[in-house]
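Asker: Okay, here's the prediction I keep looking at, along with the sequence it came from:
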Amino acid sequence: ALADALKSNCTVTHVDLGWNQIGPEGAKALADALKSNCTVTIINLEINKIGDKGAKALADALKSNCTVTHIDLRGSEIGAEGAKALADALKSNCTVTHVNLRRNAIGDAGAKAFADGLKSNCTVTHVNLDSNKIGE
């Protein structure tokens, strides 16, 4: 219901759904809303159960969304595949400045993909990949 409301809402700028047990389907619903929403700038989905499928859906939305500047996905069960999808989205996204993927499990492969995605991005200024099983 919230995702449907965001599709046509023209005033909400911050969405904080942290600590809500949101899974891949919930993330996909939010991602679908972000494809048409033109006001949301900050998304907090920390400590959810988004996983790689949810991260891929959000990444797909970021490819066309032109308002989101901050996305917080810390502790949301995202692995290397989700990080790769987000990295791919950042190659074409020109609004995101802050990405928080702290306390996930992206590992070396996800970190490498993320770094590669940042090479062609000129807007991201803050990245948090702390506690991601990188180099272990």
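Answerer: It's in. Numbering: from 1, shown residues only.

Asker: Report the contact partners of residue 88.
Answerer: 59, 113, 117 (Cβ atoms under 8 Å, 6 or more residues apart in numbering). Just so you know, the C-beta spots here come from the backbone N, C-alpha and C atoms, and that holds for glycine as well.

Asker: helix/strand/coil for it?
Answerer: helix (DSSP: H, G, I helix; E, B strand; the rest coil).

Asker: going forward can the numbers begin at 42, since that is how I track them
Answerer: OK, 42 is where the count begins now, so the last one is residue 129.

Asker: Going by secondary structure, residue 107 is in what exactly?
Answerer: Following DSSP states H and E, one finds residue 107 outside all helices and strands.

Asker: Was I right to think it contacts residue 164?
Answerer: No - using Cβ atoms under 8 Å as the test, residue 107 is too far from residue 164 to be in contact (11.1 Å).

Asker: Looking at those two, which has the bigger crowd around it?
Answerer: residue 164 (12 against 9; other Cβ atoms under 10 Å).

Asker: ok, the more buried one touching residue 139?
Answerer: No - with contact defined as Cβ under 8 Å, residue 164 does not count as touching residue 139 (9.8 Å).

Asker: quick one, what contacts the residue lying closest to residue 144 once chain neighbours are set aside?
Answerer: Excluding its sequence neighbours, the residue lying closest to residue 144 (Cβ to Cβ, 6 or more residues apart in numbering) is residue 116, at 4.2 Å. For residue 116, the contacting residues are 87, 88, 89, 143, 144, 145, by Cβ under 8 Å, 6+ apart.

Asker: Could you pull up the residues touching the last one?
Answerer: It stands for residue 145. Residue 145 neighbours (Cβ under 8 Å, 6+ apart): 114, 115, 116, 117, 118, 119, 120, 123, 124, 172, 173.

Asker: How much space separates the third one from residue 89?
Answerer: In other words, residue 116. In this structure, residue 116 and residue 89 are 8 Å apart, going by Cβ to Cβ, to the nearest Å.

Asker: before we move on, what about residue 113?
Answerer: 10 Å.
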